[in-house]
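>>> My questions concern the predicted model and sequence given below.
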Amino acid sequence: MLDVLANKFSRSAETLARTANFLAELGELVTSDRRLVVLEDNRDNRILECAVGGHAEVIVTGDRAMLRLRTFEGVRILTLQHFLDELVAADD
């Protein structure tokens, strides 16, 4: 993920280091005993496996193939904008 930030969003090495530390503290290691083949991109399938195995409520992504699913086994799949809109609406 950090390579995406560096390449796609031109983030500095310092920002990447802070992001890595933040995610390490925030994150939870999830392993899955299931191998899903839902989408063409195997990396996307691994994300679905982690979300289901970790009992996630939401996947926030810009990936169009994942977004077309809308939900998968109870996990909602949202764009960042939709996720932020829901957060703001929840605060109102």
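Nice, I can see it.
>>> What is the burial count for the closest residue in space to Arg70 that isn't next to it in sequence?
Among residues not flanking Arg70 along the chain, Ile77 sits closest, at 5.9 Å (Cβ to Cβ, 6 or more residues apart in numbering). In this view, the C-beta of every residue, glycine as well, is placed from N, C-alpha and C. For Ile77, the neighbour count with other Cβ atoms under 10 Å is 22.
>>> Equivalent analysis for Glu57, please.
Neighbours of Glu57 under the rule other Cβ under 10 Å: 9.
>>> quick one, what contacts it?
Glu57 makes contacts with 75-76, as judged by Cβ atoms under 8 Å, 6 or more residues apart in numbering.
>>> list the buried ones in stretch 63-72?
Neighbour-count burial for stretch 63-72 flags 63, 66, 69, 72 (criterion: 16 or more other Cβ atoms under 10 Å).
>>> which of these has the weakest pLDDT?
Among the buried residues of stretch 63-72, Asp63 carries the weakest pLDDT, at 95.
>>> Tell me who's in contact with that one.
Counting by Cβ under 8 Å, 6+ apart, Asp63 makes contact with 41, 44.
>>> any idea how far the helix or strand Ala17 falls within is from the chain center?
If you go by DSSP states H and E, Ala17 is part of helix 13-26. From the chain centre to the centre of helix 13-26 is a distance of 16 Å (Cα atoms, centre = their mean, to the nearest Å).
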